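1. My questions concern the predicted model and sequence given below.
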Amino acid sequence: MSVTSRLRTPEEIALNAGAELPRLLLPQPAMFAERALRLRELAAGHPMRDYLLLMAVLAEAQHARLAHYPDIALPTAAQADAAAQQGQALLDVARWPRDPVWRGEWRALLRHALDRLPADSPARPGVTAALALDDAALEQQAERLLTGVSLGLDMALAPLVAAGLQLYFTRLVMATQAAQPGSFGYTEDQGRCPCCASLPVASITRVGGGAEGYRYLHCTLCNAEWHMVRVKCTHCRSTGGVRFRALESVAANDAAPAGKRPSVQAETCDSCGHYLKIVHMTQDVQVDPVADDLATLTLDLLVSDAGYARHGANLLLLFGEAEEDDGTPPPERGPR
Ligand SMILES: [Zn+2]
Ligand SMILES: [Zn+2]
C-alpha cells in the first residue's frame, strides 16, 4: 500500500474536488431560542435538571434581549483591515474594548430571567445577588472569565456573567457583519474563533446546505462556527491518535442500528492527551454544542478518568475551584 493512500476525510475529498465550503458560519438570530428549547428537552429527568432549566431561562432571556440590543461601538474599517492583514481575530477578547452598554444589558438580561424563574427555583438567590454587583466588580469578573484567569474568579457568578458576555459578543459579531460584510475571515490560529479568539466549546457536524457533513468548531463566546477537517485534534492538530468515545449506556445500546453513532462523542487525542466533544446533527438534528455539552457531564468524567484533559471551554460551566493566590501561574482555562 502506498503511503499516500491513507483515508481521506470527506472535507479533504470535497476540497480536492474544488467544492465550495463555507469556512465561517456566523451566529443566526434564532440560535438562543433553539438552544433554550434543547436545554428544556435535555433537562427532563436529568440529574442536573435545575441547572439546565436555569440555563434554558437564561437562553430565552438572551434571545429576547438580542432582538432589542441597543447600538454599540463597532470596529472601524481600518481596524478590520489591520486585523485581516495580521491574521488576527478582529474582536479578540484580550484587546477589544467592551462598550459599557453591555453592563446595563447584562442587568436587563438577569431581570428578564428572574421574572421567569419559578418562585421555588434554587437559582433565584444567586441571580438576585448578581444584580447587586457594581460595575467595577462586574468588569473584573468579566476580564478574568474572558482571559482564562481563575484566580479570584467567582465560580458561582461566572455562568451569569458569561451569559451577558455571550449576548454582547454575539450581537457585536452580527452587527459588525451587517455594517461591514466580510470583516471576518482567516486567522492564524485555527484552534480559536476567527471573530473573537475564544476557544471552542465543542465541535458540530452539520447537515443542510453547503455545510452538509462538515465539522465546525463552535465558539464558546460569540457563537460563530469555523471549519476544521474531521478526525483531527483541535488542540495539537495531530491526526494520528484521534479516537471517539461515548457513554457506555449509549454505545452499548443493542437497539441501535449497526453502525449508528451516538449524537455526542468525545474526540480524544493520544498525541497530546486532550479531548473536545463533538455533536452530530446527522444523529439528532436538534443537537446544540453548548446545551449538549452541559448535559453530558458524565462523558467528561469518563474521559477524564481515562486520563484526558479537556480542551476548549464552556463558559456556562467551568471546572475546578477558584484558586488562592499562592504565586503559581493559573492553569490554562477559559476562552483564551
Ligand atoms: Zn467567537
Ligand atoms: Zn492532540
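-> Structure's in. What do you need? Ligands and ions are numbered 1, 2, ... in the order given.

2. helix or strand right after the lengthiest helix in the chain?
-> Counting residues, the longest helix found in the chain (DSSP state H) is helix 158-179. Downstream of helix 158-179, the first helix or strand assigned by DSSP states H and E is strand 200-205.

3. ok, which residues in the stretch 51-200 of the chain are in contact with ligand 1?
-> 193, 195, 196, 198 (C-beta under 5 Å from the ion). Any C-beta I mention is one placed from the backbone N, CA and C, and that applies to glycine too.

4. And the furthest pair within the residues you listed?
-> Comparing all pairs in these by C-beta to C-beta, the longest separation belongs to 195 and 198, at 8.5 Å.

5. Overlap of the contact sets of the two?
-> By C-beta atoms under 8 Å, 6 or more residues apart in numbering, residue 195 and residue 198 have these common neighbours: 219, 222.

6. the bottom helix or strand of this protein by mean pLDDT?
-> When each helix and strand of the chain is scored by mean pLDDT, DSSP states H and E, helix 248-251 comes last, with a mean of 51.

7. is the helix or strand just after that one anywhere near ligand 2?
-> Remark: after helix 248-251, the chain's next helix or strand is strand 264-269, criterion DSSP H and E. Yes. For strand 264-269, a contact with ligand 2 is found by C-beta under 5 Å from the ion, at residue 269.

8. partners of strand 264-269, with directions?
-> strand 242-245 (antiparallel), strand 274-280 (antiparallel) (DSSP bridges).

9. To ligand 1, which of those strands lies closest?
-> strand 274-280 (15.3 Å; C-beta to the ion).

10. Now do the closest one against strand 200-205, angle only.
-> Here strand 274-280 runs at an angle of 40 degrees relative to strand 200-205 (axes from the mean of the first three to the mean of the last three C-alpha atoms, to 10 degrees).

11. Quick one: the strands in this structure, in order.
-> 24-25, 200-205, 215-219, 225-227, 242-245, 264-269, 274-280, 309-310 (DSSP state E).

12. how about those strands in JSON lines, adding mean pLDDT and distance to residue 167?
-> Shown next, in JSON lines, are those (pLDDT from 0 to 100; distance: least, C-beta to C-beta, whole Å):
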{"stretch": "strand 24-25", "mean pLDDT": "94", "distance to residue 167": "19"}
{"stretch": "strand 200-205", "mean pLDDT": "97", "distance to residue 167": "15"}
{"stretch": "strand 215-219", "mean pLDDT": "97", "distance to residue 167": "13"}
{"stretch": "strand 225-227", "mean pLDDT": "96", "distance to residue 167": "18"}
{"stretch": "strand 242-245", "mean pLDDT": "94", "distance to residue 167": "33"}
{"stretch": "strand 264-269", "mean pLDDT": "96", "distance to residue 167": "25"}
{"stretch": "strand 274-280", "mean pLDDT": "97", "distance to residue 167": "22"}
{"stretch": "strand 309-310", "mean pLDDT": "95", "distance to residue 167": "24"}
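
13. Can you say which of those is nearest to residue 43?
-> Distance to residue 43, taken as C-beta to C-beta, is lowest for strand 264-269 among the strands of the chain, at 15.6 Å.

14. Those residues of the stretch 201-336 of the chain touching ligand 1, which are they?
-> For the stretch 201-336 of the chain, the residues in contact with ligand 1 (C-beta under 5 Å from the ion) are 219, 221, 222, 224.

15. what's the burial count for the residue nearest to the second one when sequence neighbours are not counted?
-> Taking C-beta to C-beta, 6 or more residues apart in numbering as the measure, residue 221 lies nearest to residue 198, with 4.1 Å between them; neighbours along the chain are not counted. Residue 198 has 29 neighbours, counted by other C-beta atoms under 10 Å.

16. Kindly report the same for residue 297.
-> Residue 297 sits with 16 neighbouring residues when counted by other C-beta under 10 Å.

17. Close to ligand 2: what parts of the stretch 201-336 of the chain are there?
-> With C-beta under 5 Å from the ion as the criterion, the stretch 201-336 of the chain meets ligand 2 at residues 233, 235, 236, 238, 269, 271, 272.

18. need these in a markdown table with neighbour count, can you?
-> Shown next, in a markdown table, are those (neighbours: other C-beta atoms under 10 Å):
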| residue | neighbour count |
| --- | --- |
| 233 | 24 |
| 235 | 20 |
| 236 | 16 |
| 238 | 14 |
| 269 | 23 |
| 271 | 14 |
| 272 | 16 |
